[in-house]
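Engineer: Fold the following, please.
(one chain, ligands or ions: 1)
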Amino acid sequence: MSFSPESKEETRVSRRTLLQWAVAAPAALALSRVAFEMPFAQAAPAGPFKLPPLPYAYGSLAPTISEMTMRIHHDKHHQTYVDKLNAAVVATPSLAGKTPQTLIQNLAAVPESVRTAVRNNAGGHVNHTMYWEIMSPNGGGAPTGDIAEVIKSSFGSFDNFKAKFNEAGEKRFGSGWVWLVADKGEFKIVSTPNQDNPLITGQFPIMGNDVWEHAYYLTYQNKRAAYLKAWWNVVNWNAINSRLRYYKNQNAGAG
Ligand code: MN
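Structural biologist: This next block holds a predicted model:
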């Protein structure tokens, strides 16, 4: 699944590129090794992370989320998190090759000089990558599959789950996210400030909604509650079931 795709893709590309160089021009390979050992700040300006393309057309979630909101949110806001994460990683060789999930799960291991930048921007990158994936023009309706069972057993009914989720999203003061997380086998609704991802505190995000004003203001203005209520029309339960399966597989046999 596409839970932590970017760095793997990058690794494949760079291996292939190196192989081509090895065959065609050993001198170029030697040069590239020298370049690779240089401090990252002096290497190529592009960092290791890329903005994933939106998996559907920008206007296809309208009227729930407008095309303009999607264009600005994806192309500007998410791109900025990616760019700032890359800048932090480029400046910090010890962070090279790590997935954004690994970075936020181990913030204590991130040098203090870039810890806040990594927290905010790796968080922003992970959060938004999930957000695009768990929405769909064909979304909405009642939950299906395993997530339907989780919602029923943990919250009694889908209506009750939605009400609790929306309430937590409304109550988040300022900017942040509302989540359904798995926490040591229990399923809970939580909210986080800024771009904090539940992985920071060892919880796994099954699904989440962005309650920053940039996610809804062009259409809903100050009415965050209306956005939270409408958002269920585009929720992609198939993608959420994939995340739930990923969590269960990761934790299978862990007790
Ligand atoms: Mn956002």
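
Engineer: From here on, just use CA atoms for contacts and neighbour counts.
Structural biologist: Fine.

Engineer: Past the host helix or strand of P205, which element shows up next along the chain?
Structural biologist: Assessed by DSSP states H and E, P205 sits inside strand 204-210. Following strand 204-210 in sequence order, the next helix or strand is helix 217-220 (DSSP H and E).

Engineer: Geometrically speaking, which residue is the centre of the chain?
Structural biologist: V126 (2.3 Å; C-alpha atoms, centre = their mean).

Engineer: could you check the angle strand 204-210 makes with the lengthiest helix in the chain?
Structural biologist: In the chain, taking DSSP state H as the definition, the longest helix is helix 112-133. For helix 112-133 against strand 204-210, the angle by axes from the mean of the first three to the mean of the last three C-alpha atoms, to 10 degrees is 80 degrees.

Engineer: Surely the residue nearest to the centre of the chain is in contact with T99?
Structural biologist: No. If you go by C-alpha atoms under 8 Å, V126 and T99 don't touch, sitting 9.6 Å apart.

Engineer: What ranges does the stretch 101-250 of the chain have for its strands?
Structural biologist: Listed in chain order, the strands of the stretch 101-250 of the chain (DSSP state E, counting those that start in this stretch) span residues 176-183, 186-193, 204-210.

Engineer: and the shortest one, what does it pack onto?
Structural biologist: Same thing as strand 204-210. helix 112-133, strand 176-183, helix 237-251 (3 or more C-alpha pairs under 8 Å, 6 or more residues apart in numbering; DSSP states H and E).

Engineer: low-scoring stretches of this protein, by residue?
Structural biologist: Along the chain, the parts satisfying pLDDT under 70 run over 1-47, 253-255.

Engineer: Neighbours of A109, how many?
Structural biologist: 12 (other C-alpha atoms under 10 Å).

Engineer: actually A87, not the one I typed
Structural biologist: 21.

Engineer: ditto for R115
Structural biologist: There are 17 residues near R115, going by other C-alpha under 10 Å.

Engineer: what's around the residue nearest to it when sequence neighbours are not counted, how many residues?
Structural biologist: Of all residues not flanking R115 in the chain, L107 sits nearest, at 6.6 Å (C-alpha to C-alpha, 6 or more residues apart in numbering). Residues lying near L107 (other C-alpha under 10 Å) number 16.

Engineer: which residues does L107 contact?
Structural biologist: By C-alpha atoms under 8 Å, 6 or more residues apart in numbering, the residues touching L107 are R115, V118, R119, I200.

Engineer: How about Q105?
Structural biologist: L199, I200, T201, G202.

Engineer: As CSV, the residues you listed with neighbour count would be great.
Structural biologist: Listed next are the contacts of Q105 as CSV, based on neighbours: other C-alpha atoms under 10 Å:
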residue, neighbour count
L199, 19
I200, 17
T201, 12
G202, 15
